[in-house]
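Chemist: Next come a sequence and a model predicted from it.
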Amino acid sequence: MQFHKISAKNKFYIEIKDRLDSDLILYKEYEALRNPKKDSGKAASYYGYLIRLVVFAENFYGYKIPSVYDESFLFFLNTIKETAEFKLYNKNENNFPSSTLNSFLKFSGYMVKFQTNKILDMDELELNNLIDINSKTEISAYNPESYSITTAIGRKILEGIKAKNHANWKCEVNPNHISFKSNVNSKMYIEAHHIIPISRQSEFNEDIDIAQNLICLCPNCHRFIHYGNYEDKKELVEIVVNSRKDTLLSKNIELKEEMIKEYYFY
């Protein structure tokens, strides 16, 4: 990964600034509150370096990131921060890139927690009015302004919570798998796993950020499917993939054997 100086007049910088304006402005306002001195200039600097980080991420992935809260971008930030190339770039830019990266990761965590708490306060009827697990039509009707948050975060959390409700807050590989009670809602803590990684969106014509592409797993199964020995996790991958193969196909998303191998065994 190559990092280099990017001017605010760079065409990619300008395009991203315009395309992700609402996300970026929200972060800039957060930084302005953290650094209230008008002459500090930190908010504007961090805002500019966040745009540059998006430029690098889009060059790396080869596609346009839909939001700075997209998990592929957050994954990218967590991946690069300890690399020698990024450390050199950071040094040449007076530590602004790493300060921005760390600040934004903290900010995105606040945003997700805030929105999660808002949604968990809804009853089942309100949640169903926002998003239907079998339809994408409700998502476009979701108005993030009512929660002062972006559509990307709201939608992602809505999809995850709806999937967890559908699974009755139990591991879908084995409902007898026990984790612990969450301090957020006193339900068993489970995690939503994307069967097709969101970073692979460019390979599909259809949107894959949907509930049909989610399966709820206990923390142990979730870590196992990501980090387990290839031979040991074959059975788990088969269970996970087969559980959603037909529903994904109903959305014109076909899971082929060679794709599954690439996602889980390479």
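Modeler: In hand now; what should we look at? None of these values were measured; they are calculated from a predicted model.
Chemist: mind checking pLDDT for the residue nearest to the spatial centre of the chain?
Modeler: Most central in the chain under C-alpha atoms, centre = their mean is Glu71, positioned 2.3 Å from the mean C-alpha point. We have a pLDDT of 74 for Glu71.
Chemist: Surely it is in contact with His193?
Modeler: No. Using C-beta atoms under 8 Å, Glu71 is not in contact with His193, being 11.6 Å away. Using the backbone N, CA and C atoms, a C-beta is placed for each residue, glycine as well.
Chemist: Got phi/psi on the residue nearest to the centre of the chain?
Modeler: Main-chain dihedrals, Glu71, degrees, to the nearest 10: phi -60, psi -30.
Chemist: Where does pLDDT dip in the protein?
Modeler: Along the chain, the parts satisfying pLDDT under 70 run over 35-40, 112-158, 184.
Chemist: Enumerate the strands of it by residue range, in sequence order.
Modeler: Secondary structure of the chain (DSSP state E): strands located at 191-194, 214-217.
Chemist: quick one: which of the ones you listed is nearest Phe75?
Modeler: strand 191-194 (11.5 Å; C-beta to C-beta).
Chemist: ok, residues contacting that closest one?
Modeler: 159-160, 163-164, 208, 213-219, 222, 225, 240 (C-beta atoms under 8 Å, 6 or more residues apart in numbering).
Chemist: if we can go back for a sec, leaving out the residues flanking it, which one is nearest to the residue nearest to the centre of the chain?
Modeler: For Glu71, ignoring the flanking residues on the chain, the nearest one in space by C-beta to C-beta, 6 or more residues apart in numbering is Ile198 at 5.5 Å.
Chemist: list the contacts for the one you found?
Modeler: Contacts here follow C-beta under 8 Å, 6+ apart; on that basis Ile198 touches Asp70, Glu71, Ser72, Ile208, Asp209.
Chemist: Roughly how far does the third one sit from Glu58?
Modeler: Read that as Ser72. 10 Å (C-beta to C-beta, to the nearest Å).
Chemist: repeat for the second one
Modeler: Distance from Glu71 to Glu58, counting by C-beta to C-beta: 15 Å.
Chemist: May I see the ChimeraX selection of the buried members of the contacts of strand 191-194?
Modeler: Under the burial definition 16 or more other C-beta atoms under 10 Å, those of those that qualify are selected in ChimeraX by:
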select :159,160,163,164,208,213,214,215,216,217,218,222,225,240
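Chemist: Cross the contacts of strand 191-194 against helices and list the overlap.
Modeler: Using DSSP state H, the members of these that fall in helices are Glu159, Gly160, Ala163, Lys164, Pro219, His222, Ile225, Val240.
Chemist: from the residues you listed, which is closest to Asn174?
Modeler: Of all the ones in helices among the contacts of strand 191-194, Asn174 sits closest to Val240, with 11.7 Å by C-beta to C-beta.
Chemist: Pull the contacting residues for the spatially closest residue to that closest one that is not a sequence neighbour.
Modeler: Closest residue to Val240 apart from its sequence neighbours, by C-beta to C-beta, 6+ apart: Ile215 at 5.5 Å. Applying C-beta under 8 Å, 6+ apart, we find Ile215 in contact with Ala163, Ala167, Glu172, Val173, Ala192, His193, Ile195, Val240, Ser243, Arg244.
Chemist: Repeat that for Glu58.
Modeler: Applying C-beta under 8 Å, 6+ apart, one finds that Glu58 lies in contact with Phe12, Ile16, Lys64, Ile65.
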